[in-house]
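[1] Sharing a model prediction with you, sequence too.
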Amino acid sequence: MASATHKVLLVEFLHDDVFNLHRTETFPFLQGLLRSRNVPVRWVSIVAGRDCRPEGPWTVEPPTADRGHLVAAARTFDPTHVIANETLGRQLLADLHHACPDARVIPPTSDLLRLGLHAALERVLGLTAAPSDGPETVFDAAIPDFDAHLLAGAAPVPSFLTPIVAEPSCVYRRSLAGNPHFAAVPLEGLPFPDGCTFCVNPPGMRRGIRSRDPVDLALLQLRRFMDTAPHFRRTGRFLVDGIQVFRRLPEFLEAVQALELPPSAFFFSCRVDEVLERADDLRRWLPRLADRGHGLHLWNVGLENFSPVENARFNKGLSSDQIETVIGLLDGLEADFPGRFGFREHGGFGLILFTPWTRILDLEQNVQALNRHHCRGDLGPVTSRLQLRPGTPLEALARRDRLVDEAAELAEVPRDASCLTEPGDRDIPWRFANRDVQKIWSVLAGWYVEVRPEGLPPRPETSALEALEALLTLQREQPDLDEASLACRAAERLRPPPAAPAPPDGPTVGAPWIARLVRLVDLATRGGTQPLVGYRVERIESRLDGEAPFAEIACSRDDDQVVLHILRAPGAPAFLRVGDFGVRYRSDTPIDRPSRVRLAQTIGRLLAGCARTGPPPTPPPPGR
């Protein structure tokens, strides 16, 4: 049993990236379990966005005022143990030790904060480990308690998600036997020998909860959330982390209806084939959810690549037909249920476009598919590069093919942490087998990913996909161009014609498609009460460019102001095209933030609804 001298402070750093929720899933269970053992525990939360993480994505160094609030709360509570979901920065750690010299700060590792191992909790508290026949995880034993105290006054973004844990995130374990890419690759002894060949099957994905049914566990958390969660956390948005709940979607949603929750949105992450298996359930349930004000959303569905060769190397187990079918399904649902079903607005599919083995043909197949599916504004997929992880089959393949950069050191801070799960995780440096692909990547990365190297022409004011398309075309036409010449000629080809002068403000003009766009935006934002991927829509105005009407949409997010122009002019220069429509940023809105790209993508998805025939959709009844 716990000693009466133990006092545990749970410190939650709230990230402004709503999908970066690593290592907070266990907090309600830790708090519930400790309170049931009469251990004093206090959970404090403080907003810590990207500007608080100068040393990397998992190390937090709050500004002076926020650090003062956190240290004062710790001094008042006087804990024996501090459990935080991120690594404490040097100054914060020093101030905390000065205020609470006897407190032990627990490293944020997965055995406790994602796996929730009961033995790990007792180990870090200095107690005797649980008996072998006792509960394996805190998820097995605890009644979750979401009570928390917000420090420094700043609330999380309205799009904040509350994680709901329910068994493993992924159970895909397809064998590599018979995969021709690995026929002569030594795989014996690999810690991650099956499933997707790039994945390290993070411990949290293999989390097993023995004594509780996954649907029952998810519903328990929802009920306890309504009973115990503080006001700042009640955004009505839940990230359900457990594939078994998605596989039993009708059972889960039926029970959700009975809970009589306020309007809520439920987010799931799953595989393409798992979405297709639930297609009928999605079509049947979305109208019922919408009638109650609820929504269901998908994010990070791993498509990975439109090249069959690359996906076979990934051991994805997906066919091209499945990929085309799921895109049609999700696009249709998003158009039919704006604001109630979202997919592309949350980032869409997970893609890995560049790998050590990528060929020009693979890139061309991806460009054709991205164009075909109206993804011209998607920056992330076009600049995505494989994170080669230790212990994976792809590492073994890259080493056999001598594509690992043995001379390079693992970076102290990873360039891209999107697929890493631990503060100590790193990816292995690698090089391209194809020199032409290396050349294209260097130009594309210099424009859109890294600090532009000296000698590279300025980035063209076009989407990354258009830039990649131009680079591929030039490489086919003039294969002997060196990297500098390729970049210069692509920049020339992508330079838009001189823009027409902006029209003066005049009387409001209209067009049927603008009226429909206004209505779709109104539906997606629930009458302006909800943000659009974090942005508040301030105004939509109809203007004239010569004799052609266009829509001007002004949006704001904290200190960020974005103005977009929407026009219906086939072939006109645009950052993103959806059929006959184009989305441009006004000249005083630079494309310098991923959030601005996501906003344009979301507006593009709504534009697809403007092209549909018939009157604008009927809004939901008042109060729904």
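    Structure's in. What do you need?
[2] Now do the helices in the stretch 251-400 of the chain.
    All helices of the stretch 251-400 of the chain, identified by DSSP state H, counting those that start in this stretch, fall at 272-277, 279-291, 308-313, 320-336, 360-372, 379-382, 393-400.
[3] Tabulate those (CSV), appending mean pLDDT and distance to P186.
    In this view, the C-beta of every residue, glycine as well, is placed from N, C-alpha and C. CSV is the format used below for the helices of the stretch 251-400 of the chain (pLDDT from 0 to 100; distance: least, C-beta to C-beta, whole Å):
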stretch, mean pLDDT, distance to P186
helix 272-277, 96, 29
helix 279-291, 95, 40
helix 308-313, 97, 17
helix 320-336, 92, 30
helix 360-372, 93, 25
helix 379-382, 70, 32
helix 393-400, 95, 6
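[4] To T109, which of those lies closest?
    T109 sits nearest to helix 393-400 of all the helices of the stretch 251-400 of the chain, at 22.4 Å, using C-beta to C-beta.
[5] quick one on the thing from earlier: reformat the helices of the stretch 251-400 of the chain as CSV; add distance to R516 and mean neighbour count.
    Below are the helices of the stretch 251-400 of the chain laid out as CSV (distance: least, C-beta to C-beta, whole Å; neighbours: other C-beta atoms under 10 Å):
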stretch, distance to R516, mean neighbour count
helix 272-277, 28, 18
helix 279-291, 19, 16
helix 308-313, 37, 19
helix 320-336, 12, 17
helix 360-372, 24, 18
helix 379-382, 27, 21
helix 393-400, 46, 21
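[6] okay, the ones you listed in JSON lines with distance to L481 next?
    Shown next, in JSON lines, are these (distance: least, C-beta to C-beta, whole Å):
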{"stretch": "helix 272-277", "distance to L481": "37"}
{"stretch": "helix 279-291", "distance to L481": "46"}
{"stretch": "helix 308-313", "distance to L481": "25"}
{"stretch": "helix 320-336", "distance to L481": "32"}
{"stretch": "helix 360-372", "distance to L481": "13"}
{"stretch": "helix 379-382", "distance to L481": "21"}
{"stretch": "helix 393-400", "distance to L481": "28"}
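[7] A524: which of the ones you listed is closest?
    Proximity to A524, assessed across the helices of the stretch 251-400 of the chain by C-beta to C-beta, is greatest for helix 320-336 (9.9 Å).
[8] Can you tell me the closest non-neighbouring residue to A166?
    By the measure of C-beta to C-beta, 6 or more residues apart in numbering, the closest residue to A166 outside its immediate chain neighbours is G242, 2.9 Å from it.
[9] tally of neighbours for the one you found?
    24 (other C-beta atoms under 10 Å).
[10] Wait, it touches V171, no?
    No: with contact defined as C-beta atoms under 8 Å, G242 and V171 do not form a contacting pair (10.1 Å).
[11] what's the closest of the helices of the stretch 251-400 of the chain to S264?
    Using C-beta to C-beta, the nearest of the helices of the stretch 251-400 of the chain to S264 is helix 279-291, at 9.2 Å.
[12] Going along the chain, name the strands of the stretch 401-550 of the chain.
    536-545, 548-557 (DSSP state E, counting those that start in this stretch).
[13] Let me have the ones you listed in a markdown table, extended by mean neighbour count and distance to L520.
    Below are these laid out as a markdown table (neighbours: other C-beta atoms under 10 Å; distance: least, C-beta to C-beta, whole Å):
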| stretch | mean neighbour count | distance to L520 |
| --- | --- | --- |
| strand 536-545 | 16 | 10 |
| strand 548-557 | 19 | 11 |
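[14] Check what pLDDT R376 gets.
    Looking at R376, its pLDDT stands at 52.
[15] just use 45 as the starting number from now, easier for me
    With 45 as the first residue, the last one maps to R420.
[16] Can I take it that A652 is in a helix?
    Yes: counting by DSSP: H, G, I helix; E, B strand; the rest coil, A652 is found in a helix.
[17] Ok, which of the helices of the stretch 295-444 of the chain comes nearest W485?
    Closest to W485 of these, according to C-beta to C-beta: helix 404-416, at 9.5 Å.
[18] what does that closest one contact?
    By C-beta atoms under 8 Å, 6 or more residues apart in numbering, the residues outside helix 404-416 that reach it are 349-351, 353-354, 395, 397, 420, 422, 425-426, 478, 480-481, 484, 509, 512-513, 516, 519-520.
[19] okay, it in CSV with CA atoms only?
    Taking Å, rounded to 0.1, in the frame of the first residue of the first chain, the C-alpha atoms of helix 404-416 are listed here in CSV:
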residue,chain,number,x,y,z
ILE,A,404,10.8,8.9,-60.8
LEU,A,405,7.9,6.6,-61.8
ASP,A,406,6.7,6.4,-58.2
LEU,A,407,6.7,10.2,-57.8
GLU,A,408,4.8,10.5,-61.1
GLN,A,409,2.1,8.0,-60.0
ASN,A,410,1.7,10.0,-56.7
VAL,A,411,1.5,13.4,-58.5
GLN,A,412,-1.2,12.0,-60.8
ALA,A,413,-3.2,10.6,-57.9
LEU,A,414,-2.9,13.7,-55.8
ASN,A,415,-4.1,15.8,-58.7
ARG,A,416,-6.9,13.4,-59.4
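[20] could you pull out the helices for the stretch 95-244 of the chain?
    108-121, 134-143, 154-157, 162-168, 182-185.
[21] by contact count, what packs against the second one?
    In terms of contact count using 3 or more C-beta pairs under 8 Å, 6 or more residues apart in numbering; DSSP states H and E, helix 134-143 is assigned the packing partners helix 108-121, strand 148-150.
[22] ok and that helix relative to helix 108-121, angle-wise?
    On the basis of axes from the mean of the first three to the mean of the last three C-alpha atoms, to 10 degrees, helix 134-143 is oriented at 30 degrees to helix 108-121.
[23] Now helix 134-143: average pLDDT?
    Summarised as a single mean, pLDDT over helix 134-143 is 96.
[24] Now do the buried residues in that helix.
    L136, L137, D139, L140, A143 (16 or more other C-beta atoms under 10 Å).
[25] Could you do the third one as well?
    Buried residues in helix 154-157, counted by 16+ other C-beta under 10 Å: S154, L156, L157.
[26] any idea which of these is closest to R580?
    Nearest to R580 among the buried residues of helix 154-157, with distances taken as C-beta to C-beta, is L157, at 33.2 Å.
[27] So for that closest one, what's the pLDDT?
    So L157 comes in at 83 (pLDDT).
[28] which ones are touching it?
    Applying C-beta under 8 Å, 6+ apart to L157 gives the contacts H66, R67, T68, E69, T70, I127, N129.
[29] who wins for neighbours among the residues you listed?
    Of the contacts of L157, with other C-beta under 10 Å as the count, T70 tops at 30 neighbours.
[30] about what we covered before: now the contacts of helix 404-416: which count as buried?
    Buried among those by 16+ other C-beta under 10 Å: 349-351, 354, 395, 397, 420, 422, 425-426, 478, 480-481, 484, 509, 512-513, 516, 519.
[31] So which of the helices and strands packed on helix 134-143 is nearest L161?
    Nearest to L161, of all those, is strand 148-150, at 13.0 Å by C-beta to C-beta.
[32] list the buried ones in the closest one?
    Buried, per 16+ other C-beta under 10 Å, within strand 148-150: V149, I150.
[33] So which other helices or strands are in contact with that strand?
    Using 3+ C-beta pairs under 8 Å, 6+ apart, strand 148-150 is in contact with strand 125-128, helix 134-143.
[34] Please repeat the previous calculation with a cut-off of 7 Å.
    For strand 148-150, the elements it packs on are strand 125-128, judged by 3 or more C-beta pairs under 7 Å, 6 or more residues apart in numbering; DSSP states H and E.
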